[in-house]
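**Student:** Model the following, please.
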Amino acid sequence: MELRVEAKFREQTGKLVCDNDTYLCALGTAGIVSGKIEGDGGTPIARMGLIEVYYRADRIVAPETGLPVKIINPDDGWCDDPSSPLYNSAVKLPFAASHEKMWREDHIYDICVVLDWNLTPAIAGKGSAIFFHLSRANYAPTEGCIAVAEQDMREILALCDTTSAIETVLCNR
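**Tutor:** The predicted structure is shown next:
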């Protein structure tokens, strides 16, 4: 399944096209950007594979999908420190270097898909923790991820497998 995210320059929301359906999605505070760097708030212009799905089993049922699925645990994190040899990878907490907690108080990572952005090899400073996850109720901007409502995420993931990818592009809608 090929997914496509379209947005105008600096827009913090866009449309995600999947099959014949279109979904509202939240984007980074800087919108879609080329030349992604760590901390810029941009969602990278790229074609990114969908790698695996994490979900909070204490809150929701697992999404149906052809992607690998893992349960998020309280000690799961993601390294976002460009100086760490584990930059842009899953880590176990406690973790000394800068990191993001996957087990969150809010619900945006109740379903969280790892995207193939700067993973192999991870280039320091090129951006980390670029995920496809759940949106906030008001589609508030992300820190660079792509986010949709839970029901939309479930519909989309039901169509996805290990060959699926998401492409972000600028458009003139």
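
**Student:** any idea how far T162 is from the residue lying closest to L134 once chain neighbours are set aside?
**Tutor:** Distance criterion Cβ to Cβ, 6 or more residues apart in numbering; nearest residue to L134, sequence neighbours excluded, is I108 at 5.0 Å. Yep, even glycine has a C-beta here, placed from its N, CA and C like the rest. Here the criterion is Cβ to Cβ, to the nearest Å. By it, I108 lies 24 Å from T162.

**Student:** about what we covered before: is it true that the residue nearest to L134 lies in a strand?
**Tutor:** No. Secondary structure of I108 (DSSP: H, G, I helix; E, B strand; the rest coil): coil, not part of a strand.

**Student:** now the residue nearest to the spatial centre of the chain, nearest residue through space, not along the chain?
**Tutor:** Geometric centre of the chain, nearest residue: F131, 1.4 Å, by Cα atoms, centre = their mean. Leaving aside its chain neighbours, F131 sits nearest to C145 (4.6 Å; criterion: Cβ to Cβ, 6+ apart).

**Student:** Next, that neighbour: phi, psi?
**Tutor:** Backbone dihedrals for C145, given as degrees, to the nearest 10, come out at phi -80, psi 180.

**Student:** does it really touch T43, like I thought?
**Tutor:** Yes. Counting by Cβ atoms under 8 Å, T43 is a contact partner of C145 at 6.9 Å.

**Student:** which neighbours do those two share?
**Tutor:** Common neighbours of C145 and T43, using Cβ atoms under 8 Å, 6 or more residues apart in numbering, are G28, I130.
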